[in-house]
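Visitor: Show me the folded form of this:
(one chain, ligands or ions: 1)
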Amino acid sequence: MDRYDVSEDGVNPHAGALAAMPEVWRRLLDSHVDDGHGRCVACRNSSTAGVPWPCTLRVIAEDAAGIYNDEQAAIPRELAG
Ligand SMILES: [Zn+2]
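Guide: Numbering: from 1, shown residues only. The predicted structure follows:
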């Protein structure tokens with residue numbers, strides 16, 4: 001059984017691709033934070049009231065972090081150094 005699509009277990013397909021780029025999702029986790037009023041700081045702009053937090057990017061970044069950490073945990077110790 002071939003399984004290339006990670007979305008079947010509820011993970012955003014973008015998160016799978018993002019998991020391989022830790023510097024990207026770390027930056028997203030860093031910048032897409034609650035502004036204290038339930039809105040995303042990074043997605044907020046002057047023309048709208050703001051995006052409810054966690055925003056889509058935040059959710060994807062958290063999924064990517066989870067996938068990344070799972071993959072790190074799956075690496076045998078002798079290969080991890
Ligand atoms: Zn955001």
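Visitor: so where does the spatially most central residue of the chain fall, helix or strand?
Guide: For the chain, the residue whose C-alpha lies nearest the mean C-alpha position (C-alpha atoms, centre = their mean) is A61; its distance is 1.1 Å. Here A61, judged by DSSP states H and E, is contained in helix 56-74.
Visitor: who touches that helix?
Guide: Contacts to helix 56-74, defined as C-beta atoms under 8 Å, 6 or more residues apart in numbering, come from residues 6, 11-12, 14-16, 18-22, 25-26, 28-29, 32-33, 40, 42-43, 54, 80. (Each C-beta comes from the backbone N, C-alpha and C, glycine too.)
Visitor: count of neighbours near H32?
Guide: 22 (other C-beta atoms under 10 Å).
Visitor: Spatially nearest residue to it, not counting backbone neighbours?
Guide: Residue nearest to H32 in three dimensions, not counting chain neighbours: R58, with 4.2 Å by C-beta to C-beta, 6 or more residues apart in numbering.
Visitor: how near is the one you found to A73?
Guide: 23 Å (C-beta to C-beta, to the nearest Å).
Visitor: for G36, same thing?
Guide: In this view, G36 and A73 are 33 Å apart by C-beta to C-beta.
Visitor: where along this protein do the helices fall?
Guide: Residue ranges of the helices in the chain, as given by DSSP state H, are 13-18, 22-31, 56-74, 77-80.
Visitor: show me what contacts R26?
Guide: The neighbours of R26, taking C-beta under 8 Å, 6+ apart as the test, are A65.
Visitor: okay, now E78: neighbour count?
Guide: Look at E78: counted by other C-beta under 10 Å, it has 6 neighbours.
Visitor: Show the pLDDT at it.
Guide: E78 is assigned 71 on the pLDDT scale.
Visitor: residues touching it, list them.
Guide: With C-beta under 8 Å, 6+ apart as the criterion, no residue contacts E78.
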